[in-house]
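K.L.:
Got a predicted structure plus its sequence, pasted below:
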Amino acid sequence: MDKAALRRALVEERLNLPDRLQRADLLQQVMRIWLVNRPDTVIGAYWPIKGEFDPLPALHRWKEDGELLDEPLRRRIGLPVVNKQHKTLTFHAWYPGCPMEEDAYGIPKPKDTEVIVPTLLFVPCVGYGPGGYRLGYGGGFYDRTLATLQPRPFTVGLGFTNGFIDDFEPEDFDMPLDAILNDNGVVWPV
């Protein structure tokens, strides 16, 4: 399996999905429903690039919903900041209107906000396959980060249905996700 070629093909396909906005709306709904009974108060996510699904509207709604409970919860959202030396990620508090700056890869990240430790982590998927394995961009940032985080957060991949790879073969260092959601619902665990 030529993973570099597969990544390029899947990103190109995702960018050209004629119904990407409708799929994104469906995945927003899936995500919001999936979050309803989760006990987490600190969630890590990502800034969408290359046509990825944007989890931030659903997470902002989740944060606001926590403030409306009978006993309001302070819910926090974190976005990744790259540690270039260790090639791992830390998560910094994000909120709409938060000061942002570009990281070394040109991806927006929170500027000068506090480090937070998520108990739930939403991870972007270029592709995904059976067993909860994901195909990322090949940098290994999430796998290295998950190998070091203690306790390990509950991990959830987010992607569109076109990203499913039925014959995906993970590498030895690939860490399976705990769940995968797409625009049709929960894909993993089945």
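P.N.:
Received the coordinates, thanks. Residues are numbered from 1 along each chain as shown.

K.L.:
Tell me the buried residues in the longest helix along the chain?
P.N.:
Criterion DSSP state H: the longest helix present in the chain is helix 20-35. Of the residues in helix 20-35, 20, 23, 24, 26, 27, 28, 30, 31, 35 count as buried by neighbour count, 16 or more other CB atoms under 10 Å. Placement of C-beta: from N, CA and C, glycine included.

K.L.:
Burial check on residue 174, number of neighbours?
P.N.:
19 (other CB atoms under 10 Å).

K.L.:
list the contacts for the spatially closest residue to residue 131 that is not a sequence neighbour?
P.N.:
Nearest residue to residue 131, sequence neighbours excluded (CB to CB, 6 or more residues apart in numbering): residue 176, at 5.6 Å. By CB atoms under 8 Å, 6 or more residues apart in numbering, residue 176 lies in contact with 131, 132, 133, 170.

K.L.:
Quick check: residue 176 vs residue 18, distance?
P.N.:
Look at residue 176 and residue 18: by CB to CB, to the nearest Å, they are 31 Å apart.

K.L.:
helix or strand for residue 128, which one?
P.N.:
Secondary structure from DSSP states H and E places residue 128 in strand 127-129.

K.L.:
Residues contacting that strand from elsewhere in the structure, which ones?
P.N.:
With contacts defined as CB under 8 Å, 6+ apart, strand 127-129 is touched by 6-7, 10, 134-135, 157, 159, 163-170, 177, 180, 187-188.

K.L.:
out of those, which are buried?
P.N.:
Among these, those classed as buried by 16+ other CB under 10 Å are 7, 10, 134-135, 157, 159, 163-165, 168, 177, 180, 187-188.

K.L.:
if we can go back for a sec, just name the closest of the buried residues of helix 20-35 to residue 48, please.
P.N.:
Nearest to residue 48 out of the buried residues of helix 20-35 is residue 24 (CB to CB; 9.4 Å).

K.L.:
Grab the nearest non-local neighbour of the closest one.
P.N.:
residue 53 (5.7 Å).

K.L.:
Kindly tell me how buried the one you found is, as a neighbour count.
P.N.:
25.

K.L.:
My read is that it contacts residue 162, right?
P.N.:
No - in this structure, residue 53 is not within contact of residue 162 by CB atoms under 8 Å, at 11.6 Å.

K.L.:
Taking the centroid of the protein, which residue is nearest it?
P.N.:
residue 123 (2.4 Å; CA atoms, centre = their mean).
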